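Asks: compute the structure for the input listed below.
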Amino acid sequence: MNIAVITGASSGIGKEFARRLDGQLARTDEIWLLARRKQPMEELARSMKTRTRIISIDLTKERELAQFAEVLAISSPKITVLINCAGVGYHGSFREQGADELTAMLDLNVRALTMMTKLALPYMRRGSKIIQVASGAAFVPQADFAVYAASKAYVYSFGRALGRELKERGIGVTTVCPGPVRTPFLENAYKGMTGIRGIKKAAMVCAGDVAAQALRDCKRHRKVSVCGLPMKLLYTATQSIQNLVGSFA
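Replies: Next up, the predicted model:
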């Protein structure tokens, strides 16, 4: 059985990935939707043509990850696409953020993404794809978003390195780095959209555009997917600086 696996599938970019993959994967039998909230995934599944499997899971819980590993072992599927989209962020100064918020960002954005990739890899073959959803925040440190930006810098670095490791096996890795996206994630991070101003507001894109761009870039074997002109300019600038620094190393 060939499957696609999407984490964070209950809303936002993850939900849009599911919608755009629906009916587009000729050799995929099922799309597995993973998130904590079951009801939104059930509603999504009812609108999809492709057969789905809904797995309600808290990816930050080791016991639940172990249970998912058992599901994979029993089903023994071929994973054609893995999309790691689950993530959380909290805006505010590091000094004022609570330990629970800090731990949540590290556990979900870093540890859970890493372990989901580790669990999925044995079931992937030549031609399989991995999409790691990072953020434009990965390109530069951000005050008042320090831990979130650092966690996404990890995802960016991990995705780029993993792509190089898996190249000989024929498994592609695309790291997605959107700027601000109008989703429930952003509303939660800023405790409402009113806190988003200036460049971030101007660079805002919709979740559907991010998912569509990422899937196009994945098909084209691109290592990084950036949606929207402002973020593409930022990415180009940071790459130019890195290349310049590297030339003096």
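
Asks: now for whichever helix or strand Trp32 is part of, which elements pack on it?
Replies: Counting by DSSP states H and E, the element that carries Trp32 is strand 30-35. If you count contacts as 3 or more CB pairs under 8 Å, 6 or more residues apart in numbering; DSSP states H and E, strand 30-35 packs onto strand 2-7, helix 12-21, helix 38-46, strand 51-56. Yep, even glycine has a C-beta here, placed from its N, CA and C like the rest.

Asks: of all these, which lies closest to Ser157?
Replies: Taking CB to CB, strand 2-7 is the member of the helices and strands packed on strand 30-35 nearest to Ser157, at 19.3 Å.

Asks: tell me which strands that closest one pairs with, and in which orientation.
Replies: Counting by DSSP bridges, the strands paired with strand 2-7 are strand 30-35 (parallel), strand 78-84 (parallel).

Asks: and it, how far from the chain's centre?
Replies: 13 Å (CA atoms, centre = their mean, to the nearest Å).

Asks: ok, back up a step: including mean pLDDT, mean neighbour count and distance to Cys218, could the helices and strands packed on strand 30-35 go into JSON lines?
Replies: Below are the helices and strands packed on strand 30-35 laid out as JSON lines (pLDDT from 0 to 100; neighbours: other CB atoms under 10 Å; distance: least, CB to CB, whole Å):
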{"stretch": "strand 2-7", "mean pLDDT": "98", "mean neighbour count": "24", "distance to Cys218": "12"}
{"stretch": "helix 12-21", "mean pLDDT": "96", "mean neighbour count": "24", "distance to Cys218": "10"}
{"stretch": "helix 38-46", "mean pLDDT": "97", "mean neighbour count": "15", "distance to Cys218": "21"}
{"stretch": "strand 51-56", "mean pLDDT": "98", "mean neighbour count": "17", "distance to Cys218": "20"}
